[in-house]
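**Q** Provided below for reference: sequence and predicted model.
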Amino acid sequence: MERRVGSPALTINKSSSAPPPLQIGAAVEGRQDTRVLIPPSTRAPERPPSDLIWSLAGESMGTTWSVRLVPPMGVVQEAFQAAIEEELARIIALFSPWTPGSEISRFNNAPAGTWKLSDDFWSLLNASLDIADDVNGAVDPTLGALVDLWGFGPPGPRDPLNPLPSAEEVEAALAVSGWQKLRLNRDGQAAVQTGGMKLDFSGIAKGHAVDRVSARLTEMGATSHLVEIGGELLGRGVKPDAQPWWVEIEAVPGSPAPHTVAALFDMAVATSGDWRRAFVHEERLYPHTIDGSTGRPVDNGLAQVTVFDASAMRADAWATALTVLGPYDGPEFAEAMQIAAHFVERTPRGLVERMTPAFAAMMDEEEA
């Protein structure tokens, strides 16, 4: 969602340490202002290629997508629509476990052995494994068996009368999962299927798709654009009026926090929330994000994590990882890595937010 913000009076917080936890209800009581985020920029904006803005949209990857772009002269709107749909179809053919003939499905259903991977698949797998190393498996591309077991994968939801797998089923899925168990043959650009291991890129694929669509638009001359796929966003350049691409950050349902808008100039934002894909059993919420250390959906009180990064893929991956790390280790890790991250935790006091110094440095609040 795009929202225009004028020229608010800004006061940038340059603190070198994270602000203390802030209880949302107490913080914003009686306030009507808007929280404005302005990420740092390393370059001056260039003039867009025209004075037009085209809006395109569609469905892919089990969700919706939308693009706003400033077109160059000589390229018709249908060409951009076709290019975006082609790029997303290519992503599905590589990484969708819901597509039987996709590369990931072929690997997941293959017998034990060594299987050569395409260049694009190899590249994303290695990027995902690198992040898994950084966060000790908080993002893990090998958890497909567990994702399926808990009813979030291609087999679909479990029996509503018996939605929870047994301890034995969890242990069996854990036995074929774990990024440290995946062996790669780097000389042959191949991965070893140990038998029963299932790859799953749900913690990184949408962000990767956003990056790929953005790169395709840039190649076609649309150097100013805003790409959104399933809530993950990336903005490049500025609009014809020299304004950045303003977006509203999704809030936790029921949160009394102020509206938050961000200027996406060469910046991506991704949000992970425990309400997006989940089921409730005996008054307990089971979100789709799986903790690979336990083999179970995360249950640490984090309702939402929002991350800004120059890469939508990294923003998507960090949001997932920080969700798994939880309300204490997550902010500590994000601060150490200088990640611009915002956390909302469910507590007995109500919703509580935390933010890293990199996030706070972007934050300016519009004066009433």
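**A** Right, received. Where do you want to start? Numbers count the residues shown, from 1 in each chain.
**Q** what secondary structure does the closest residue to residue 334 other than its chain neighbours sit in?
**A** Once flanking residues are discounted, residue 334 sits nearest to residue 341: 4.2 Å by C-beta to C-beta, 6 or more residues apart in numbering. For the C-beta atoms, the positions are set from N, CA and C on the backbone; glycine is no exception. Under DSSP: H, G, I helix; E, B strand; the rest coil, residue 341 falls in the strand class.
**Q** in contact with residue 341, which residues?
**A** Residue 341 is in contact with 305-308, 318-319, 322, 330-331, 334, 355-356, 358-359, counting by C-beta atoms under 8 Å, 6 or more residues apart in numbering.
**Q** at 6 Å instead, please
**A** Contacts for residue 341 (C-beta atoms under 6 Å, 6 or more residues apart in numbering) come out as 307, 322, 334, 356, 359.
**Q** ok, now residue 41?
**A** residue 265.
**Q** which residues does residue 308 form a beta bridge with?
**A** On the basis of DSSP bridges, residue 308 is bridged to residue 269, residue 340.
**Q** for residue 308, give me its contacts.
**A** Shown in contact with residue 308 (C-beta under 6 Å, 6+ apart): 39, 267, 269, 340.
**Q** correction: residue 48
**A** The contact partners of residue 48, by C-beta under 6 Å, 6+ apart, come to 70, 224, 240.
**Q** so where's the longest helix in this structure?
**A** Ranked by residue count and defined by DSSP state H, the top helix of the chain is helix 312-336.
**Q** tell me which residues of that helix come out buried.
**A** Buried residues in helix 312-336, counted by 16 or more other C-beta atoms under 10 Å: 312-327, 330-331, 333-335.
**Q** which residues does that helix contact?
**A** Residues from elsewhere that reach helix 312-336 (C-beta under 6 Å, 6+ apart): 18, 131, 135, 138-139, 203-204, 206-208, 210-211, 232, 234, 268, 270, 272, 289, 291, 298, 300-302, 305, 307, 309, 339, 341, 343, 345, 354, 356.
**Q** narrow those residues to those in strands?
**A** 232, 234, 268, 270, 272, 291, 302, 305, 307, 309, 341, 343, 345, 354 (DSSP state E).
**Q** got the buried residues for stretch 57-69?
**A** Residues of stretch 57-69 classed as buried: 60, 61, 65, 66, 67, 68, 69 (neighbour count, 16+ other C-beta under 10 Å).
**Q** save those as CSV, and put in distance to residue 100 too.
**A** Compiled in CSV, the buried residues of stretch 57-69 are given as follows (distance: C-beta to C-beta, whole Å):
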residue, distance to residue 100
60, 17
61, 16
65, 23
66, 28
67, 28
68, 34
69, 33
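**Q** how about those residues in TSV, adding pLDDT, distance to residue 50 and secondary structure?
**A** Formatted as TSV, those follow (pLDDT from 0 to 100; distance: C-beta to C-beta, whole Å; DSSP: H, G, I helix; E, B strand; the rest coil):
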residue	pLDDT	distance to residue 50	secondary structure
60	92	26	strand
61	88	29	coil
65	96	22	strand
66	97	20	strand
67	98	15	strand
68	98	13	strand
69	97	10	strand
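**Q** residue 254: which of these is nearest?
**A** For the buried residues of stretch 57-69, the minimum distance to residue 254 (C-beta to C-beta) is 25.5 Å, reached by residue 66.
**Q** show me what contacts the closest one?
**A** By C-beta under 6 Å, 6+ apart, the neighbours of residue 66 are 57, 228.
**Q** any idea how far it is from residue 166?
**A** 42 Å (C-beta to C-beta, to the nearest Å).
**Q** could you do residue 265 as well?
**A** On the measure of C-beta to C-beta, residue 265 and residue 166 end up 50 Å apart.
**Q** looking at those two, which one has more neighbours?
**A** residue 265 (19 against 10; other C-beta atoms under 10 Å).
**Q** show me the helices in the chain, by range?
**A** Assigned by DSSP H, the chain shows helices spanning 24-28, 77-95, 103-108, 119-134, 144-149, 167-175, 205-219, 312-336, 357-360.
**Q** make TSV out of these and add distance to residue 192 and mean pLDDT.
**A** As requested, the helices of the chain are arranged in TSV below (distance: least, C-beta to C-beta, whole Å; pLDDT from 0 to 100):
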stretch	distance to residue 192	mean pLDDT
helix 24-28	47	36
helix 77-95	19	97
helix 103-108	10	97
helix 119-134	12	96
helix 144-149	15	97
helix 167-175	16	97
helix 205-219	22	97
helix 312-336	23	96
helix 357-360	38	95
